[in-house]
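# Make a model of this:
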Amino acid sequence: MLRNHPKFAYNGLTLILSVPSRNDTTELLSGVPGFYINTECLSPETNIYCCDVRLVDDPSPFYKDTKVIVLLGLQAFKKWTNSELTLDEARGSPFIINDIVCIPTFGAQDSIDLKDFESKFNEHLKKNEDEDEFIGDDDNEDGDVFESKGRGKTKRKNYRFWLKQDIKKALRILENDGKIPKLYEQEPTYIIAPDADFVCDRLLKYKDNFMFYDCETDFISYDIRCFAFSFSDNPFEIITVPLLTTDYKPYYGEEQFKVFRALVLSIQSNTLVAHNGDQFDFLVLALLYRIPVRKVYDTLISQHRIYPTIEKSLGHLMSLCTYEMYHKDEGSHGYFNHDQAMQLYKYCGKDVFGMYLVWKWQQEMADEDEGLLLSIKQANDAIIPYETASYLGMHYNEIKRKEWIFEADRLMEHYMKVMRILTGPNVEPLISNQKCNKYFHELLGYPVISKTKTGKPSLGKDNLLKLGLSVDNPVTKFLIRYRETQKESGILNFNPWITINEQKEIAI
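Numbers count the residues shown, from 1 in each chain. Model prediction:
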């Protein structure tokens, strides 16, 4: 069994691989993955020749001075931790196993490969079906960089970045004699559902502070079930305030108005900090509760100025700049009994404390770079003007919009009739990729332009244009026009911008 023993003095760091990569024949971490880990992840603190590199199935004993373990790949993570989390969720979290800190992360070879070559060519991997949960995932889509809820799926192109950050975290723990460094001087205190007077006292106590805020809402009406807050002068006291009971009645009864009044005054007196508040928290406050924000700081938008291309969910950012365990799976989706409510309140409070740690790290980063400081300020200064535009909406001509939709629908019907004449009555309408493939490739025998991940022919927008240029068939031209008109009609079929309260009144 392959194992790279340290060639120089052992530094206390052990790297455990799930399986050898397809290129590992005489030693582990050979080729580009080993070069990247040695020169980018371990350097300049140490090097790979001072580490113990081994496989998860290796029964040989560890070196007695082992202080930190990095688990590379799903199989190593599962066998060592027995955690029910996915590797994507647990990555970067410090697990304490046998008094040794273990940091799970992505596999080295899989982090280097831009596509999933390991599951196709690695004979060792084919024998480990558990790896399919992670390695078989090949995401090349750009997606939405502004992920915020939970820890969204990590894009393959960013595996390399997160591998480096996780190993750097392991090195910081190693430098601290194998103990997790403390980023704060005291443990947070979570105060859940205090009386209304206590809530008002805390909300009105601080002025000209950064107010860290998060709310949990109903998934349909967006009514706030609870919100949590803390202040920069006392960030370790996190207060969670329920607004709705589990049967959707005001939690504080007749005193609820006092809580709202204090919340409004506190928001106006401090800088409100939220994660993805630009797209959620600030909008909910303004549109549903008529509480406008004045001074804001969005940790998600600020992070985009620090690392523009990586994932920016709160879970991702906490793994980047804290040593906290992953908690984004602790929030309860149900809200039907006391236990579910308490679970939600605790989760909301943890979000606020995690947000504070992220904000603190961002401030430290900005203090070292004047250009970054100005860039973050510019981004946050733009939030209020764009939020105001969102509140007010945009004027449009409803009669003209309906006329355009009607005209687009008539054109689509016309294009479809023409295609039915050109293809003949025995061909099904070309309204799906499957039907288009059947007509162009199976019936007419046209060459396949491109294939999907499953190996089937793809006739998306770009491929259809390429096919139209390569063959002389008028059906392709009408099909392109049909799809263009369909897209135009879909864009015009938006829901008019009215507030949630107005929607409720219409429903009533």
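# can we go C-alpha only for contacts and neighbour counts from here?
Fine.
# buried set for the longest helix along the chain?
Longest helix of the chain, by residue count under DSSP state H: helix 338-367. Of the residues in helix 338-367, 341-362, 366 count as buried by neighbour count, 16 or more other Cα atoms under 10 Å.
# Secondary structure element holding residue 465?
Assigned by DSSP states H and E, residue 465 belongs to helix 461-470.
# which other helices and strands contact the longest helix of the chain?
Judged by 3 or more Cα pairs under 8 Å, 6 or more residues apart in numbering; DSSP states H and E, the packing partners of helix 338-367 are strand 189-192, strand 210-217, strand 224-231, strand 234-242, helix 299-306, helix 314-321, helix 370-381.
# Looking at those, which is nearest to residue 82?
Nearest to residue 82 among the helices and strands packed on helix 338-367 is helix 314-321; the distance by Cα to Cα comes to 19.7 Å.
# re earlier: which one, of the helices and strands packed on helix 338-367, ends up nearest to residue 4?
When these are compared by Cα to Cα, helix 314-321 sits nearest residue 4, at 28.4 Å.
# and that closest one, what does it pack onto?
Secondary elements touching helix 314-321 (3+ Cα pairs under 8 Å, 6+ apart): helix 338-367.
# circling back: just how off-centre is the longest helix of the chain within its chain?
15 Å (Cα atoms, centre = their mean, to the nearest Å).
# you'd agree residue 302 is up against residue 380?
Yes: here residue 302 reaches residue 380: they are 7.2 Å apart, a contact under Cα atoms under 8 Å.
# So for those two, which sits in the more crowded spot?
When residue 302 and residue 380 are compared on other Cα atoms under 10 Å, the one with more neighbours turns out to be residue 302, at 26 against 18.
# so who does that one touch?
Residues near residue 302 by Cα atoms under 8 Å, 6 or more residues apart in numbering: 362, 376, 379-380.
# remind me which residues of this protein are low pLDDT?
In the predicted model of the chain, residues 126-152, 497-508 satisfy pLDDT under 70.
# can you list the domains in it?
13-175, 189-392, 398-492 (automatic domain parsing).
# Now do the helices for the stretch 101-250 of the chain: every range, in order, please.
Taking DSSP state H, counting those that start in this stretch to define them, one finds helices in the stretch 101-250 of the chain at 108-112, 118-121, 123-126, 132-135, 159-175, 196-205.
# can you redo the ones you listed as JSON lines with mean neighbour count?
Formatted as JSON lines, the helices of the stretch 101-250 of the chain follow (neighbours: other Cα atoms under 10 Å):
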{"stretch": "helix 108-112", "mean neighbour count": "23"}
{"stretch": "helix 118-121", "mean neighbour count": "16"}
{"stretch": "helix 123-126", "mean neighbour count": "16"}
{"stretch": "helix 132-135", "mean neighbour count": "16"}
{"stretch": "helix 159-175", "mean neighbour count": "21"}
{"stretch": "helix 196-205", "mean neighbour count": "16"}
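# Among these, which comes closest to residue 371?
Proximity to residue 371 (Cα to Cα) singles out helix 159-175 among those, at 22.8 Å.
# In terms of secondary structure, what does that closest one contact?
So helix 159-175, by 3+ Cα pairs under 8 Å, 6+ apart, packs with strand 68-72, strand 100-105, helix 108-112.
# Any buried residues in the helix holding residue 465, and which?
For helix 461-470, burial by neighbour count (16+ other Cα under 10 Å) applies to 463-464, 467-468.
# could you give the angle of the very next helix or strand once past that helix to helix 461-470?
As assigned by DSSP H and E, the chain's next helix or strand after helix 461-470 is helix 474-492. Angle of helix 474-492 versus helix 461-470, following axes from the mean of the first three to the mean of the last three Cα atoms, to 10 degrees, is 150 degrees.
# Okay, buried residues for helix 474-492 please.
For helix 474-492, a neighbour-count test (16+ other Cα under 10 Å) marks 475-480, 482, 485-486, 489 as buried.
# just checking, what packs against the helix holding residue 465?
Short answer (3+ Cα pairs under 8 Å, 6+ apart): helix 461-470 packs on helix 474-492.
# Pull the helix it packs on out as PDB, backbone CA atoms only.
Extracted C-alpha coordinates of helix 474-492, given in PDB (Å, rounded to 0.1, in the frame of the first residue of the first chain):
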ATOM      1  CA  PRO A 474     -35.800  26.200 -43.400                       C
ATOM      2  CA  VAL A 475     -37.200  24.400 -40.400                       C
ATOM      3  CA  THR A 476     -34.100  25.500 -38.400                       C
ATOM      4  CA  LYS A 477     -34.800  29.100 -39.200                       C
ATOM      5  CA  PHE A 478     -38.400  28.900 -38.100                       C
ATOM      6  CA  LEU A 479     -37.500  27.000 -35.000                       C
ATOM      7  CA  ILE A 480     -35.000  29.700 -34.100                       C
ATOM      8  CA  ARG A 481     -37.600  32.400 -34.500                       C
ATOM      9  CA  TYR A 482     -40.100  30.300 -32.500                       C
ATOM     10  CA  ARG A 483     -37.700  30.100 -29.600                       C
ATOM     11  CA  GLU A 484     -36.800  33.800 -29.700                       C
ATOM     12  CA  THR A 485     -40.500  34.700 -29.600                       C
ATOM     13  CA  GLN A 486     -41.100  32.300 -26.900                       C
ATOM     14  CA  LYS A 487     -38.400  33.800 -24.800                       C
ATOM     15  CA  GLU A 488     -39.700  37.300 -25.500                       C
ATOM     16  CA  SER A 489     -43.200  36.200 -24.400                       C
ATOM     17  CA  GLY A 490     -41.800  34.700 -21.200                       C
ATOM     18  CA  ILE A 491     -40.000  37.800 -20.300                       C
ATOM     19  CA  LEU A 492     -43.100  39.900 -20.700                       C
END
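# Thanks a lot, see you next time.
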